[in-house]
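Colleague: Turn this into a model:
(one chain, ligands or ions: 1)
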Amino acid sequence: MLDYDRDNVPVRGQRFLAFLFAGTIGILLILALWWHLIYLPAERKKLAGELSQCRKNLEEIGNAIEMYAYGHSWQYPRSIAQLTPGYLKAIPSCPSAGFDTYSGTYQVFNDPHDYRDSCFTIYCKGHHHELLNMPEDFPRYTSKP
Ligand SMILES: [Zn+2]
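Modeller: Residues are numbered from 1 along each chain as shown. Now for the predicted structure:
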């Protein structure tokens, strides 16, 4: 036999709905906690590692460009494709993008009067590190004249 409240609705159905509502809220709370305490810190750590590797890639390319210039009368290469295989095994890929974001960004500023004032810049093209609040086309590597 069912109990009825004063609006003539079965009490057992109300209890079930309250249980369902509390269960749903509980599951949502657990998901929110998992998201903030486990997923986001792990994701941030992974993205920070990728950014660090991207910076290392740029440094490696920058060092290879300097080595190339050292072996070519202080002339920088016209493109970073000239660095392989003599100065770099291969052009690295940005770990966040999954492909080479560097090749199209290489720019040389040649000073015709004094090679020591020439410099170059290279960067990771795109928004691949924006989740870590990096602006577009960062990180960058610029040689020191
Ligand atoms: Zn990158």
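Colleague: mind listing the strands for this structure?
Modeller: Using DSSP state E, the strands of the chain run over residues 107-109, 119-123, 140-142.
Colleague: For residue 20, give its distance to residue 14.
Modeller: 11 Å (C-beta to C-beta, to the nearest Å). Backbone N, C-alpha and C define where each C-beta goes, glycine included.
Colleague: If you could redo that for residue 64, that was the one I meant.
Modeller: From residue 64 to residue 14 the distance is 72 Å (C-beta to C-beta).
Colleague: now swap in residue 68 and tell me
Modeller: Taken as C-beta to C-beta, the span from residue 68 to residue 14 is 78 Å.
Colleague: what's the spacing between the longest helix belonging to the chain and its chain's center?
Modeller: In the chain, taking DSSP state H as the definition, the longest helix is helix 40-71. The gap between where helix 40-71 is centred and where its chain is centred comes out at 11 Å by C-alpha atoms, centre = their mean, to the nearest Å.
Colleague: is stretch 119-130 up against the ion anywhere?
Modeller: Yes - contact of stretch 119-130 with the ion (C-beta under 5 Å from the ion) involves 124, 128.
Colleague: Residue 68 and residue 14 - which one has more neighbours?
Modeller: residue 68 (18 against 13; other C-beta atoms under 10 Å).
Colleague: what sits against that one?
Modeller: 76-77, 82-83, 86-87 (C-beta atoms under 8 Å, 6 or more residues apart in numbering).
Colleague: One more pass at 10 Å, please.
Modeller: Neighbour list for residue 68: 75-77, 80, 82-83, 86-88 [criterion: C-beta atoms under 10 Å, 6 or more residues apart in numbering].
Colleague: who touches the residue nearest the centre of the chain in this structure?
Modeller: Nearest to the geometric centre of the chain sits residue 129, at 3.3 Å (C-alpha atoms, centre = their mean). Contacts for residue 129 (C-beta under 10 Å, 6+ apart) come out as 47-48, 50-51, 54-55, 94, 96-97, 135-139.
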